[in-house]
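Enquirer: got a structure for you, letters missing:
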């Protein structure tokens, strides 16, 4: 994997079909969605989602990457670019870190790697990240 996708703490990589178990675990552990109640999802829906992500094309700079801890190789979350406006030079991104992996600097480093790619390689110059008002860790990050 190219060094531009690897930092001291994390490596950004494509989502693989076998990652579905980690993403399902993140959703189960994440009763900490701070006031948001999501519908339950089946294991099959996570399998299908991961399989779809594994073969997804990067349409118009919209993509999802897995965040892997470099020290352990463990999947700790994901980061993605969506809703892009190439002509006006903006994009929106999101990041999610599994509950057990928070407060380790993974989100900060993953966002820096993503922004470096989008600004330096793709030539965007504005980004939007939405945060729930009570998510103090994300507010501090952004």
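Expert: Sure thing, it's come through. Quantities reported herein were computed from a predicted structural model and do not represent experimental measurements.

Enquirer: Secondary structure element for the residue nearest the centre of the chain, which one?
Expert: Centre of the chain computed as the mean C-alpha position; nearest residue by Cα atoms, centre = their mean is residue 79, 1.5 Å away. Element membership for residue 79, per DSSP states H and E: strand 75-85.

Enquirer: Packing partners of the helix or strand just after that strand?
Expert: Under the assignment DSSP H and E, the closest C-terminal helix or strand after strand 75-85 is strand 90-97. Applying 3 or more Cβ pairs under 8 Å, 6 or more residues apart in numbering; DSSP states H and E, one finds that strand 90-97 contacts strand 75-85, helix 106-116, strand 126-129. Every C-beta, even on glycine, is put in place using the N, C-alpha and C of the backbone.

Enquirer: If you count neighbours, what's buried in the last one?
Expert: Residues of strand 126-129 classed as buried by neighbour count (16 or more other Cβ atoms under 10 Å): residue 127.

Enquirer: Pairing partners for that strand, with directions?
Expert: Paired neighbours of strand 126-129 in the sheet (DSSP bridges): strand 90-97 (parallel).

Enquirer: buried set for the strand it pairs with?
Expert: Quick answer for strand 90-97 (16+ other Cβ under 10 Å): 91-97.

Enquirer: now the angle from that strand to strand 75-85?
Expert: 160 degrees (axes from the mean of the first three to the mean of the last three Cα atoms, to 10 degrees).

Enquirer: How far away from the center of its chain is strand 90-97?
Expert: 7 Å (Cα atoms, centre = their mean, to the nearest Å).

Enquirer: my guess is residue 43 meets residue 25, correct?
Expert: No - applying Cβ atoms under 8 Å as the test, residue 43 and residue 25 come out as separate, 10.9 Å apart.
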